[in-house]
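Student: Need a 3D model of the sequence below.
(one chain, ligands or ions: 1)
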Amino acid sequence: MKVFNFQVVAVAAYRTFSSNGVAKPSAWALTNLKTKSNREVEQCRSRNLPMSKIEWGEEQKHVLSAISEGKSVFITGSAGTGKTLLLEETIKFLNRLHTPSGVYVTASTGIAACALKGQTLHSFAGIGIVGGDNDDDDPQNLLERVLSNKGACKRWRKVQALVIDEISMVSAKLFDNLDYVARRVKGVNEKTWGGIQLVVSGDFFQLPPVTNRGRNCKVVKYAFEAKCWNNSFDLQLELKRVFRQSDYGLTRLLEGVRRGESDPQDLEFLEHLCLGNDECDYDPSVVQLFPLNKDVEKVNEERLRSLQKDVVVYRAVDSGKGHWKRQLSCGIAPDEISLCEGARVMLVKNLDTEHGLVNGATGVVVGFSWSSVKREDLDGICNDNVLPMVKFDSGQFMTVKPATWHVMDGYKVVACRKQIPLILAWAMSIHKCQGMTLDRIHTDLSRAFGCGMVYVALSRVRTLEGLHLSALSRSKIKVDQKVSRFYRSLAEKGEKVMIVDESTKKVPPLSILKKSE
Ligand SMILES: Nc1ncnc2c1ncn2[C@@H]1O[C@H](COP(=O)(O)OP(=O)(O)OP(=O)(O)O)[C@@H](O)[C@H]1O
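Tutor: Take a look at the predicted model:
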């Protein structure tokens, strides 16, 4: 039997069930027990339960053991293979290995950095803003800029382990430049990255570097093209087991889109999914994903206005100095959010995972509460002194209080934002949702651009039921051939592992790389 035959039937049945535009869970839902364990993991995560309760996959264990031996590791894999979860555990290992003051956690984007309680790679390095012209700077210029920045120098001298998440958005030039800076500031010129233990994670099939992102994949120079890339790692490993989706057909379909090697039947299936999905436009509980920010803002503003209700404005209250404070605006918590009764919202913090109130949970504002507000809770955030009451799609009600986001410089809090942990959720950009797990999305991918965008959008959902697609043309599934070649070179090694010659820390040509024992 062909893998998707039953799914076509399932989706057709699903449409019947959803004829009023609201998707309903069904007995044959394309989920299985693994999804449950996936949710249990989320509970451990937000309640800070020991990760020992998590059953790590073999590949994940392999990574953790290499890291505990002080090895530099590049962790890659499809969306949902647990890269971020593994990084969270890795950070604990690194803290034990080096003490927290020597461990710096960074990511190429503010959203990813905040999710890991870290800072952007740019702010760690002391090199200006993400995606700025500095990325293409001459390494010597960059070094001088770092040397004139006391804080940055201190960080470079102290760092013993550096974590970088969402590496797909870091350019080759920046990666090489940072290696140069690390060697010089640490005074260990002969060692790649001056001997720092690197833990880098990301998927190059997802969104490419910010500076070069655009319609033309060819202009992108990825971090793996950096001269120092292969010398930077003892181990490069592609995680294969997907945890976000548990349905084999769906993971296979997504993997095909990711690599640009889709089975024609899978593409037909996707096109088939587009038929008659316009009704989702009217289902506010499905998050609409758009390639462009301006469409997101337009939809959210229009929907809010169309409710014709009085709005309550919540403004973020930030503390911290200069650029640290500015980094807070790059995170997921909004500078300002207007809410009114009937507004569709999404939680951007884990609040109560046992009851499904997790980062990404969606619901509707059903009113505002005066009674449960303490004045100090809302000081400066809301002049009306009220808190939004939200009915979540899981059925839970909650009066949502302000939450706090921190920017960390190593183990020190250097900036802090207090804000209501909600964003408007009728629509969201594909760029913003990279890294998120969403229950139900609706997307029109006919205007997707650049490499990886279709894949990032589709791979957010856990189940096929959660995917509402209204347009997709095959030509929008774009994959950069350089990325494909890079992954083939990892796979050619059979065990997806490349071992660096320890004595010289130099990588032999790919053809003679050794396999792990
Ligand atoms: N060992 C595991 N057991 C059960 N669930 C897991 C495991 N590892 C990860 N997960 C769950 O799988 C989901 C996806 O994980 P995560 O967000 O870490 O993936 P990712 O590879 O970072 O995805 P993306 O590339 O989209 O950012 C999460 O809900 C996470 O809790």
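Student: Do I have it right that M398 meets M389?
Tutor: Yes - M398 is in contact with M389 according to C-beta atoms under 8 Å; the separation is 7.3 Å. All C-beta spots, glycine's among them, are computed from the backbone N, C-alpha and C.
Student: what helix or strand is the residue in the stretch 351-500 of the chain that the ligand sits nearest to on?
Tutor: For the stretch 351-500 of the chain, the nearest residue to the ligand under the criterion C-beta to the nearest ligand atom is G435, separated by 3.8 Å. For G435, there is no enclosing helix or strand under DSSP states H and E.
Student: got a pLDDT number for it?
Tutor: According to the model's per-residue confidence, G435 sits at a pLDDT of 81.
Student: How about Q197?
Tutor: The model reports Q197 with a pLDDT of 98.
Student: Run a quick neighbour tally on it.
Tutor: Summarising burial for Q197: neighbours were counted as other C-beta atoms under 10 Å, giving 22.
Student: Pull the contacting residues for it.
Tutor: The contact partners of Q197, by C-beta atoms under 8 Å, 6 or more residues apart in numbering, come to I67, G70, K71, S72, L94, L97, H98, Q160, A161, L162.
Student: before we move on, back to that, any idea how far E69 is from the residue lying closest to the residue of the stretch 351-500 of the chain closest to the ligand once chain neighbours are set aside?
Tutor: With C-beta to C-beta, 6 or more residues apart in numbering as the measure, A112 is the residue that lies nearest to G435, at 5.8 Å, once sequence neighbours are left out. Note on A112: its distance to E69, by C-beta to C-beta, to the nearest Å, is 26 Å.
Student: quick one: which of those two has more around it?
Tutor: Applying other C-beta under 10 Å to A112 and E69 shows that A112 carries more neighbours, namely 26 against 13.
Student: Near the ligand, which residues of the protein are found?
Tutor: By the rule C-beta under 6 Å from any ligand atom, the part of the chain lying against the ligand is 37-38, 41-42, 54-57, 60, 77, 79-85, 203, 243-244, 435, 437.
Student: Can I have the buried ones of these as a PyMOL selection?
Tutor: Below is the selection syntax for PyMOL that covers the buried ones among these, with 16 or more other C-beta atoms under 10 Å defining burial:
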select buried, resi 38+41+42+54+56+57+60+77+79+80+81+82+83+84+85+203+243+244+435+437
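Student: Now, the residues of the chain next to the ligand that are in strands?
Tutor: Of the positions in the residues of the chain next to the ligand, G77 sit in strands, assigned by DSSP state E.
Student: Name the residue of the chain that lies nearest to the ligand.
Tutor: Proximity to the ligand, evaluated over the chain using C-beta to the nearest ligand atom, is greatest for G82 at 2.8 Å.
Student: Mind telling me what element R155 is part of?
Tutor: Applying DSSP H and E as the criterion places R155 in helix 150-158.
Student: Tell me the buried residues in that helix?
Tutor: Buried residues in helix 150-158, defined by neighbour count with 16+ other C-beta under 10 Å: G151, A152, R155, W156.
Student: can I get the CA coordinates of that helix in PDB?
Tutor: What follows is helix 150-158, C-alpha atoms only, in PDB (Å, rounded to 0.1, in the frame of the first residue of the first chain):
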ATOM      1  CA  LYS A 150      35.900  46.300  27.300                       C
ATOM      2  CA  GLY A 151      32.900  44.100  27.900                       C
ATOM      3  CA  ALA A 152      33.500  42.100  24.700                       C
ATOM      4  CA  CYS A 153      37.200  41.600  25.500                       C
ATOM      5  CA  LYS A 154      36.300  40.300  28.900                       C
ATOM      6  CA  ARG A 155      33.800  37.800  27.500                       C
ATOM      7  CA  TRP A 156      36.300  36.600  24.800                       C
ATOM      8  CA  ARG A 157      39.000  36.100  27.500                       C
ATOM      9  CA  LYS A 158      36.600  34.300  29.900                       C
END
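Student: Can you classify the closest residue to M436 other than its chain neighbours by secondary structure?
Tutor: In space, and not counting its chain neighbours, M436 is closest to G360: 5.4 Å by C-beta to C-beta, 6+ apart. Classification of G360 by DSSP: H, G, I helix; E, B strand; the rest coil places it in coil.
Student: thinking G360 is in contact with G435, fair?
Tutor: No - with contacts defined as C-beta under 8 Å, G360 does not count as touching G435, sitting 10.2 Å away.
Student: Quick one: neighbours of P264, just the number.
Tutor: Taking other C-beta under 10 Å as the definition, P264 ends up with a neighbour count of 9.
Student: Next up, the contacts around it.
Tutor: Contacts were defined as C-beta under 8 Å, 6+ apart; by that measure P264 touches no other residue.
Student: Need the pLDDT of it.
Tutor: As summarised for this prediction, P264 has a pLDDT of 90.
Student: Same check on K482?
Tutor: 93.
Student: helix or strand for it, which one?
Tutor: Applying DSSP H and E as the criterion places K482 in helix 481-491.
Student: mind listing what's buried in that helix?
Tutor: Within helix 481-491, the residues that qualify as buried by neighbour count (16+ other C-beta under 10 Å) are K482, V483, F486, Y487, L490.
Student: Take these and write them to CSV, including distance to G249.
Tutor: CSV is the format used below for the buried residues of helix 481-491 (distance: C-beta to C-beta, whole Å):
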residue, distance to G249
K482, 29
V483, 24
F486, 27
Y487, 22
L490, 25
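Student: Those: which two are farthest apart?
Tutor: Of all pairs drawn from the buried residues of helix 481-491, the one with the longest distance (C-beta to C-beta) is K482 and L490, at 13.3 Å.
Student: mind listing the strands in the stretch 1-150 of the chain by residue range?
Tutor: Counting by DSSP state E, counting those that start in this stretch, the stretch 1-150 of the chain has strands at residues 73-77, 103-107, 119-120.
Student: my bad, the stretch 301-450 of the chain
Tutor: Along the stretch 301-450 of the chain, the stretches classed as strands by DSSP E, counting those that start in this stretch are 312-315, 317-320, 336-339, 344-347, 362-369, 387-392, 397-399, 403-409, 412-419, 422-424, 427-429, 441-444.
Student: need these in CSV with mean pLDDT, mean neighbour count and distance to F224, can you?
Tutor: What follows is these, written out as CSV (pLDDT from 0 to 100; neighbours: other C-beta atoms under 10 Å; distance: least, C-beta to C-beta, whole Å):
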stretch, mean pLDDT, mean neighbour count, distance to F224
strand 312-315, 96, 18, 41
strand 317-320, 91, 17, 34
strand 336-339, 95, 18, 38
strand 344-347, 90, 24, 33
strand 362-369, 92, 18, 36
strand 387-392, 93, 22, 40
strand 397-399, 92, 15, 43
strand 403-409, 83, 19, 27
strand 412-419, 87, 19, 31
strand 422-424, 94, 21, 33
strand 427-429, 91, 21, 25
strand 441-444, 88, 23, 28
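Student: quick one: T192 and S232, what's the gap?
Tutor: Going from T192 to S232 by C-beta to C-beta gives 5 Å.
Student: Show me the common contact partners of those two, please.
Tutor: The contact sets of T192 and S232 overlap at D179 (C-beta under 8 Å, 6+ apart).
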